[in-house]
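*Asks:* Have a look at this prediction, sequence included:
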Amino acid sequence: MKQFRFLMIATMIASIAFFSSCSDDDDDVDYSDTILGEWVSGATSIQATLYGVTIPNTQTSSDATSGTVWEFTSGGKFYISGTESGTYSLEGSKLTLSYLDSSNGTVDYTISISGDAMSLSSKVVDSSILSLLGISLSDSWFSYLTTGAEISTSVNFTRQ
């Protein structure tokens, strides 16, 4: 009986040590080198969700910014087809763009890079991010925000 109790306690301690030593791999992502260079944007997709469920008839895409070149430099600066510029910072999979044009402010993206493909996604809190992406939506889209819905955008890029 004492051996069984000892074995159970040893197993519990080993289990706790094993599970507490695991970390979230997403926190260890480092895109600081892979983001460098020029990226060409594809279409922007937009959708509204409420409690994780896509609201019908709210998925759309825009080609307004398709073909736009985004350049990221090693000095922490970015340029978008010669019309926009600013500084950027990366922390794990969070990309923060601080535009020089004060009306555009700061925008946070979730970034993912695999080979020559990059994806940026963001949650929409007002129309500023949409205008940056060249998208104008009717006011009915923004009425979803008052209901607790979440509007998100996603842009895919290929390395130039």
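*Replies:* The structure has been received and is ready for your questions.
*Asks:* the helices in the protein, which residues?
*Replies:* 2-20, 128-132, 139-146 (DSSP state H).
*Asks:* In contact with residue 69, which residues?
*Replies:* Counting by CB atoms under 8 Å, 6 or more residues apart in numbering, residue 69 makes contact with 38-41, 80-81, 160. (C-beta placed from N, C-alpha, C; glycine too.)
*Asks:* hmm, back to that, between the helices of the chain, which gets the lowest average pLDDT?
*Replies:* The weakest mean pLDDT among these belongs to helix 2-20, with a mean of 50.
*Asks:* what is the rounded mean pLDDT of the strand ranked longest in the chain?
*Replies:* Within the chain, and with DSSP state E defining each element, the longest strand by residue count is strand 37-50. Averaged over strand 37-50, pLDDT sits at 85.
*Asks:* Average the pLDDT values over stretch 112-119 and round to the nearest integer.
*Replies:* Here the average pLDDT along stretch 112-119 is 95.
*Asks:* Could you do stretch 153-160 as well?
*Replies:* 89.
*Asks:* now swap in stretch 84-102 and tell me
*Replies:* 92.
*Asks:* who's in contact with that stretch?
*Replies:* By CB under 8 Å, 6+ apart, the list of residues contacting stretch 84-102 from outside reads 26-32, 35, 72, 76-79, 104-112, 120, 132.
*Asks:* what about burial for these, which qualify?
*Replies:* 29, 31, 35, 72, 78, 104, 107, 109-112, 120, 132 (16 or more other CB atoms under 10 Å).
*Asks:* Columns distance to residue 152 on top of the residues you listed, output as JSON lines?
*Replies:* Listed next are the buried ones among the contacts of stretch 84-102 as JSON lines, based on distance: CB to CB, whole Å:
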{"residue": "29", "distance to residue 152": "20"}
{"residue": "31", "distance to residue 152": "20"}
{"residue": "35", "distance to residue 152": "21"}
{"residue": "72", "distance to residue 152": "22"}
{"residue": "78", "distance to residue 152": "21"}
{"residue": "104", "distance to residue 152": "19"}
{"residue": "107", "distance to residue 152": "13"}
{"residue": "109", "distance to residue 152": "11"}
{"residue": "110", "distance to residue 152": "10"}
{"residue": "111", "distance to residue 152": "14"}
{"residue": "112", "distance to residue 152": "14"}
{"residue": "120", "distance to residue 152": "11"}
{"residue": "132", "distance to residue 152": "15"}
